[in-house]
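Student: Build me a model:
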Amino acid sequence: MAQATALTRLRQLLMIFILFCVALGTYLTRSRSTDWDQPLWVTVFPINGDGSEQTDVYIDTLSRKSFTSIEEFMLTEATRYGVDIALPVRINVGVPIKSRPPMPEADANSLSVALWSLKIRWWAWRVTSDQPGPRPDIKLFLVYYDPDTHPELAHSLGLQKGMLGGCNVFSDRAMAGSNKVVVAHEMLHTLGASDKYAGLDSLPVFPIGYAEPDRDPLYPQRYAEIMGGRVPLSANEAKIPTALRNVRIGGATALEINWTETPNTQIASSSL
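Tutor: The predicted model follows:
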């Protein structure tokens, strides 16, 4: 009994030590993550969420090229805001992971949320500790589902603490554009950007959730604000963007990630 108790305490101390190291590394990474003086390294880790062969086949097609439009989106938007950097983010694809990230409880209180935050950071460290290549600044776990069997997905999430995200996305090439919008949204959460939608319909909040709050007439908007999530068509209607070319980073989000508030509107966005 005494030996078992000692082993349990040793495991607990080891876990605390590892979490301390992870927290220290996270703090140092976060402190420089929005300096924008060098690229942020982002690794996406594919996960088969439904266990289907179709999803496995789709994951096998993924490469770094599959995500370069996110790099281009961040570069275009950074340029609009006068951020002088050749490449804000660099995205790599990690080896697929077999387990899914733990999710918070639907009715979680503040204590359980805090415990879940520690749990998912521990999980993220454990499942990526033997991955090849350099240690990324941001880890994004992309959980893929076949839209034929999973037409609706649970909300994705992004954590600034730990700089990691879990994205529920579709294993269908036709949905690749909207998938990238989700990935970019959660990536910006890890940099401190907040959601800018509200209500049961998740409508963008005016003015901070609008890409063009000064547009006249206001509706329909041409773009979705990345953290607002949708393109407002009227005060009570909005549509989900199908590609990053339909998305912009608004002033409030720019401030949250340490960009200037006023963009150069003369710089056209590339076709993403």
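Student: where does F141 fall, phi/psi-wise?
Tutor: phi -100, psi 110 (degrees, to the nearest 10).
Student: Just to check, it is in contact with N168?
Tutor: No. F141 is beyond contact range of N168, at 9.8 Å (criterion: Cβ atoms under 8 Å). (Each C-beta comes from the backbone N, C-alpha and C, glycine too.)
Student: need the next SSE after the helix or strand of the chain with the lowest mean pLDDT, C-terminal direction.
Tutor: Ranking every helix and strand in the chain by mean pLDDT, DSSP states H and E puts helix 2-33 at the bottom, with a mean of 66. Scanning forward in sequence from helix 2-33 by DSSP states H and E, the next helix or strand is strand 40-48.
Student: next one: that next one to chain centre, how far?
Tutor: 10 Å (Cα atoms, centre = their mean, to the nearest Å).
Student: about what we covered before: with neighbour numbers in mind, choose between F141 and N168.
Tutor: Neighbours of F141 and N168, each counted by other Cβ atoms under 10 Å, are more numerous for F141; the result is 27 against 23.
Student: List the contacts of the more buried one.
Tutor: The contact partners of F141, taken as Cβ atoms under 8 Å, 6 or more residues apart in numbering, are 44-45, 47, 97, 101, 124, 164-167.
Student: Could you dump the residues you listed into TSV with neighbour count and pLDDT added?
Tutor: Below are those laid out as TSV (neighbours: other Cβ atoms under 10 Å; pLDDT from 0 to 100):
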residue	neighbour count	pLDDT
V44	23	98
F45	23	98
I47	22	98
I97	19	96
P101	20	90
A124	23	94
L164	27	95
G165	27	95
G166	24	95
C167	25	96
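Student: Show me these that map onto strands.
Tutor: The strands, defined by DSSP state E, take in 44-45, 47, 164-167 from the contacts of F141.
Student: for those, which one is nearest L7?
Tutor: Comparing the ones in strands among the contacts of F141 against L7 with Cβ to Cβ places L164 closest, at 29.7 Å.
Student: Excluding sequence neighbours, find me the nearest residue to that closest one.
Tutor: Spatially, and ignoring its direct neighbours in sequence, L164 is nearest to K139 (4.4 Å; Cβ to Cβ, 6 or more residues apart in numbering).
Student: go on, Q54?
Tutor: D146 (5.0 Å).
Student: Brilliant, that's me finished.
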